[in-house]
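Trainee: pasting the sequence and the predicted model now:
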Amino acid sequence: MTQAPARTDILDLARDQVLRGGVGFDRDRMLDVLRLPDSRLEELLDVAHDVRMAWCGPEVEVEGIVSLKTGGCPEDCHFCSQSGLFASPVRAARLDIPSLVEAAKQTAKTGATEFCIVAAVRGPDERLMAQVAAGVEAIRNEVDIQVACSLGMLTQDQVDQLAAMGVHRYNHNLETARSYFNHVVTTHTWEERFETLRMVKEAGMEVCCGGILGMGETLEQRAEFAADLASVEPDEVPLNFLDPRPGTPFADREVLPATEALKAIAAFRLALPRTILRFAGGREITLGDLGAKQGMLGGVNAVIVGNYLTTLGRRAETDLDLLVDLRMPIKALGESI
Ligand code: SF4
């Protein structure tokens, strides 16, 4: 009787294909990684860290974000306390240009190389585009920092305007797997989001596209999501973990266990060996201080410092001290990778 050939261990395959070959895992391999037992977590984090060092290097990109327009959004993303459709305690507010420039200066002082202007909207109207144009120009005149924007879904004309302003990166998350999207958002489609990303890429801006883990998606859908992201070929992937906000439809969802979150980070690194993988919102509640270190040693190579849009983050100094401890220099990533 002939024996079936022994199946290659998934982490041996990762060392061979991803670490040595630089070829990211597809959806099926990613699923094998997500299904690894907790007893292999340390080994998985080590491989993910080696992949990051081999294909991205030790540098870390640090970014600050500021909200130009907060709350009152007409969309219904079930995780978001900025939706005007939920009884969430986020008050609608707008920031003026001098405050925006001041925020960019403070961000630059932390050593951050990236400053992202965010607005809680379905897509920008003329007034918001004019405000962004004035803000980007003022920042470029006064602060040495790269400007990114996150303004929702765009028209071709708006994409062209942002490119002409010198916005070098645009953030627009796909949020979750295509097959799970309508459990998370019902006021627009995954395809509409994808279309904005396509236009941004075509216009030559860098694409920042990630999402939120722990919203009730299965492991299969988490693997599908990584494959969806890989197909966009993003320059940066921000990984958020659900921080259930009061008043939102996901208020009662369980926080993702730390081991599962760390496994996901490492698995995303194996799917996207060359991409900037950024720790974004929800990591404090999911991972705590220790987890931040494990994540930085398990595939992540970028962080958002300070506060997020609607939740408080760790102090910027805490993150920056951690990077010094880990001997990971701060650097602008992107074109150099
Ligand atoms: S995630 Fe963005 S589009 Fe969705 S409700 Fe929040 S601010 Fe609006």
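Mentor: On my side now, so go ahead.
Trainee: what's the burial count for residue 242?
Mentor: 24 (other C-beta atoms under 10 Å). Where you see a C-beta, it was placed from the backbone N, CA and C, and this is true even at glycine.
Trainee: how near is it to the ligand?
Mentor: Relative to the ligand, residue 242 is positioned 12 Å away (C-beta to the nearest ligand atom, to the nearest Å).
Trainee: pretty sure that residue is touching residue 252, no?
Mentor: No. Counting by C-beta atoms under 8 Å, residue 242 stays clear of residue 252, with 11.1 Å between them.
Trainee: might you report the residue contacts of the residue in the stretch 151-300 of the chain that the ligand sits nearest to?
Mentor: The minimum distance from the stretch 151-300 of the chain to the ligand, using C-beta to the nearest ligand atom, falls at residue 152 (5.6 Å). For residue 152, the contacting residues are 75, 119, 121-124, 172, 196, by C-beta atoms under 8 Å, 6 or more residues apart in numbering.
Trainee: measure residue 271 to residue 99 for me?
Mentor: 38 Å (C-beta to C-beta, to the nearest Å).
Trainee: neighbour count for those two, which is higher?
Mentor: Taking neighbours as other C-beta under 10 Å, residue 271 and residue 99 compare with residue 271 leading, 24 against 13.
Trainee: tell me which element the nearest residue to the more buried one once chain neighbours are set aside is part of?
Mentor: Nearest residue to residue 271, sequence neighbours excluded (C-beta to C-beta, 6 or more residues apart in numbering): residue 226, at 4.1 Å. Following DSSP states H and E, one finds residue 226 within helix 219-232.
Trainee: residues in contact with that helix?
Mentor: By C-beta under 8 Å, 6+ apart, helix 219-232 touches 24-28, 30-31, 34-35, 174, 176-180, 194, 197, 201, 207, 209-211, 213, 217, 237, 264, 267-268, 271-272.
Trainee: now with 6 Å?
Mentor: Under the criterion C-beta atoms under 6 Å, 6 or more residues apart in numbering, residues 24, 27, 30-31, 34, 174, 176-180, 197, 209, 237, 268, 271-272 lie in contact with helix 219-232.
Trainee: buried ones in it, by neighbour count?
Mentor: 219-230, 232 (16 or more other C-beta atoms under 10 Å).
Trainee: from the contacts of residue 152, which is closest to the ligand?
Mentor: residue 75 (3.8 Å).
Trainee: help me confirm that the closest one comes into contact with residue 189.
Mentor: No. Assessed by C-beta atoms under 6 Å, residue 75 is found out of contact with residue 189, at 11.5 Å.
Trainee: which one's more surrounded, these two?
Mentor: residue 75 (19 against 13).
Trainee: just the helices from the chain, written as ranges.
Mentor: Counting by DSSP state H, the chain has helices at residues 10-13, 27-34, 41-55, 97-109, 126-142, 156-165, 190-202, 219-232, 258-271, 283-296, 316-325.
Trainee: and the closest residue to the ligand within the stretch 101-250 of the chain, how many neighbours?
Mentor: Nearest residue of the stretch 101-250 of the chain to the ligand, counting by C-beta to the nearest ligand atom: residue 120, 3.5 Å away. Neighbour count for residue 120, taken as other C-beta under 10 Å: 27.
Trainee: can you pull the contacts of it?
Mentor: Listed by C-beta under 6 Å, 6+ apart, the contact set of residue 120 reads 69-71, 73, 82.
Trainee: now with 7 Å?
Mentor: Shown in contact with residue 120 (C-beta atoms under 7 Å, 6 or more residues apart in numbering): 69-73, 82.
Trainee: for the most centrally placed residue in the chain, name its beta-bridge partners.
Mentor: By C-alpha atoms, centre = their mean, the mean C-alpha position of the chain lies nearest to residue 238, the distance being 1.0 Å. Under the criterion DSSP bridges, residue 238 forms beta bridges with residue 278.
Trainee: and it, how far from residue 155?
Mentor: 24 Å.
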